[in-house]
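**Q** kindly generate the corresponding structure for this input.
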Amino acid sequence: MTTSDPVYVLPGDEIDPSLIPSHPKKALRLGPGLRHVAPNDILPTLAGQLITDRQKNLIRVEHSGGRYVPRAGELVIGTVQRSTADAYFVTLTDYTAPALLPHLSFESATKKTRPILAAGALVYARVSLAHRHMDAEIECVSSSTGKADGLGPLTGGMVFNVSLGMARRLMMPKGSGLVVLEELGNAGLQFETATGRNGKFWVDSANTKTVIAVGRAIQETDEKRLGVEDQKKTVKKVIKELS
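**A** Okay, here's the model as predicted:
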């Protein structure tokens, strides 16, 4: 295993001390999936990927299963269900109530210039309000700048379902052990992507075969929990099938 390979744990596994962050000024924070056993042991309580954030001095277990629960600030990909006079009802997953997307929550939107979205349209949005006793609200514009900042309707392409753990990995900076997209790009494929924290991965390309190949490579990496070398092998296989 290389240092860039993801680390997976099972409940009760011993965690290598080198994987536990140690900040000189910040107290160690244990996220979901871990518990402290006196005096010095940290044990996983869930099966999943061990995630370390050395800047925040945080360690947690990313559990791929479960259902998505909207949290303010998270990026999501939703499907328009229907429209009312003031907002769209947008489905984030099959297991959550629709989120509300106000008609004016788009860059420079007015009643006359707002996007007209039909049922089935895709949007890339940010969760602006999340409360367990209320329907979530999403927006396709930055509340601070008034700009879209990459958010808005997603036209063309396809959406692939991925685990919540894979969605988080796709949204992390380089160095998380996920190289499949970089390898696909290095192989000459032209495509663009968007990832929703709700387990949705969107791919678009001028070539439909490329869209399907990228989506399949991501799903295979997710389902088989492929390490770096196996991801590279998957990319080679995908490129060979395309040629």
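
**Q** could I get the phi/psi values of the residue nearest the centre of the chain?
**A** With distances taken as Cα atoms, centre = their mean, Ala167 lies nearest the centre of the chain, 2.7 Å away. Backbone geometry at Ala167, expressed as degrees, to the nearest 10, gives phi -60, psi -40.

**Q** ok, now Thr91?
**A** phi -80, psi 130.

**Q** surely it touches Gly78?
**A** Yes - the pair formed by Thr91 and Gly78 meets the contact definition of Cβ atoms under 8 Å, at 6.0 Å. Every C-beta, even on glycine, is put in place using the N, C-alpha and C of the backbone.

**Q** compare those two (neighbour count), which wins?
**A** Higher neighbour count among Thr91 and Gly78: Gly78, with 28 against 15, using other Cβ atoms under 10 Å.

**Q** on that earlier part again, verify the stated contact: the residue nearest to the centre of the chain with Trp202.
**A** No - applying Cβ under 8 Å as the test, Ala167 and Trp202 come out as separate, 11.4 Å apart.

**Q** overlap of the contact sets of the two?
**A** Common contacts of Ala167 and Trp202 (Cβ atoms under 8 Å, 6 or more residues apart in numbering): 195-196.

**Q** three-state assignment of the closest residue to Phe160 other than its chain neighbours?
**A** Residue nearest to Phe160 in three dimensions, not counting chain neighbours: Gly215, with 4.0 Å by Cβ to Cβ, 6 or more residues apart in numbering. At Gly215 the chain is in helix, as set by DSSP: H, G, I helix; E, B strand; the rest coil.

**Q** tell me which residues touch Gly215, please.
**A** Gly215 neighbours (Cβ under 8 Å, 6+ apart): 158, 160, 201, 203.

**Q** is it true that the second one touches Glu220?
**A** No - using Cβ under 8 Å, Phe160 is not in contact with Glu220; the gap is 10.8 Å.

**Q** who's more crowded, the two?
**A** More neighbours surround Phe160 than the other of Phe160 and Glu220, with 21 against 16 (other Cβ under 10 Å).

**Q** assumed that one was part of a helix.
**A** No - according to three-state DSSP, the state of Phe160 is strand, so it is not within a helix.

**Q** any idea what it is bridged to?
**A** Phe201 (DSSP bridges).
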